[in-house]
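sequence first, then the predicted structure, then my questions.
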Amino acid sequence: MGLLCAACASLVVWIWLTFAQGMFWRTDVRLPPRSAPARWPSVAIIVPARDEAGVLPCSLPSLIAQDYPGEAEVILVDDGSTDGTGALALRLAREQPGLPLTVVSPGEPEPGWTGKLWALRHGIALARTAHAAEPEYLLLTDADIAHEPDSLRELVAAATTAELDLVSLMARLRVVSLWERLVVPAFVYFFAQLYPFRRINRPTGRTAAAAGGCVLLRTEAAVRAGVPESIRQAVIDDVSLARAVRRSGGRIWLGLAERVDSVRPYPALADLWRMISRSAYTQLRHRPLLLAGTVAGLVLVYLVPPVALLAGLATGHAATAWTGALAWLLMAGTYLPMLRYYRQPAVLAPLLPLTALLYLLMTVDSAVQHYRGRGAAWKGRTYARPSDA
């Protein structure tokens, strides 16, 4: 009887998620209709980079080669790299004709700053003071993100046509290894479930988020929102950035990318585990009650349906089996569009409960590492919770 009740609750949740959570499962939110502006605004492309020599040859040339009709430059901020990232960037720029590249090294972050935001602070400051007129837009893009030649042009056209202060694209992540196929599409699916793109893109919406790998930001909006200073402690900096811009009256937009890709490989489960667990407990604001609620929610929503189906079949309890099957069917059905977006086979859709179990374990591990003093660790740095910074 208890399992039947849990299965019914899970089914109700899936009906609500499917039809009332901003149609989060749809993957047709792409750059809005756009046209070329009468005058192309100036843009500074800011690339924070820490020990990125492994991916830079696949990403930086795509930025230097941008086919942009207006004035643009690339600023790579070498955030304390030990693998020759800065020197490699300069060599790549000499080999690739296109936009001018500047490499700067700001030194170690001051207390209260995360490394990426410290790097962005210096990159933005340089962009605003290096020339007589500051750039009208800033493209904040990670060192592992490769752009098609028209990427900047399309982003700027979308921002100017729709009068947007922030335009962000969720880059298509690499899906090659077995674990990437199992985990990566679900990562974007879960993100969209938490932050439905359609709700974010409503001018009067309250939901705010961005994808940190590719953010086009109006310089005036950045100044008005006080970023990055106002979010200097944020580990999940993209969501914090979008919230700051929206709070200051800016219009934001987020969608899936078609021509912007991450080239960073995650060949082993351990690589994906570190990527997700480093900020999972931060997302829960380091609160044990939120952690307990998240674990209970993941169990109810993702694990109960297959358990109810199998248990119902084993015990001959048809109601339990049918309820579990319907909930599992809705779950798999809403996952199919994301799998298609990532060009993955539909057979992976019923495996979403297994992936959710992995995310549950990663979230618990994130909390464990936090209380061991190793929370939010990335590339040799560990960040305290904001109140302790």
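Received the coordinates, thanks. Residues are numbered from 1 along each chain as shown.

hey, where'd the strands end up in the stretch 1-150 of the chain?
With DSSP state E, counting those that start in this stretch as the criterion, the stretch 1-150 of the chain has strands at 43-49, 72-78, 101-104, 137-141, 145-147.

mind listing residues that contact the last one?
Read it as strand 145-147. Contact with strand 145-147 is made by 58-59, 62-63, 66, 141, 171, 213-214, 259-263, as judged by Cβ atoms under 8 Å, 6 or more residues apart in numbering. C-beta: built from backbone N, CA, C; applies to glycine.

and these, which is closest to residue 200?
Nearest to residue 200 among the contacts of strand 145-147: residue 214, at 14.8 Å, using Cβ to Cβ.

which residues are in contact with the closest residue in space to that closest one that isn't next to it in sequence?
Spatial nearest neighbour of residue 214, excluding adjacent residues (Cβ to Cβ, 6 or more residues apart in numbering): residue 169 at 4.4 Å. Residue 169 is in contact with 31, 155, 211, 213-214, 254-257, 260, counting by Cβ under 8 Å, 6+ apart.

ditto for residue 324
By Cβ under 8 Å, 6+ apart, the residues touching residue 324 are 7, 10, 304-312.

list the contacts of residue 212.
By Cβ under 8 Å, 6+ apart, the residues touching residue 212 are 116, 140, 142, 237-238, 241.

past the helix or strand in which the residue nearest to residue 214 is found, which element shows up next along the chain?
Counting by DSSP states H and E, the element that carries residue 169 is strand 166-172. Moving toward the C-terminus from strand 166-172, the first helix or strand encountered (DSSP H and E) is helix 178-194.

check the offset of that following helix from the chain's centre.
Distance of helix 178-194 from the chain centroid (Cα atoms, centre = their mean, to the nearest Å) equals 11 Å.

count of neighbours near residue 39?
Residue 39 has 10 neighbouring residues, counting by other Cβ atoms under 10 Å.

change the start of the numbering to 586 and stick with it
Yes, from this point I'll number from 586; that puts the last item at residue 624.

residue 654 versus that one, what's the distance?
According to Cβ to Cβ, to the nearest Å, residue 624 and residue 654 sit 9 Å apart.

same question, residue 620
Applying Cβ to Cβ to residue 620 and residue 654 gives a distance of 13 Å.

more neighbours, these two?
More crowded of residue 620 and residue 654, by other Cβ under 10 Å: residue 654, with 12 against 9.

I figured the more buried one hits residue 739, correct?
No: look at residue 654 against residue 739 with Cβ atoms under 8 Å: they stay out of range, at 12.0 Å.

next, give me the two most distant ones among the contacts of residue 909.
The largest separation in those, counting by Cβ to Cβ, is between 595 and 895 at 13.9 Å.

pretty sure residue 750 is touching residue 837, no?
Yes: with contact defined as Cβ under 8 Å, residue 750 counts as touching residue 837 (6.6 Å).
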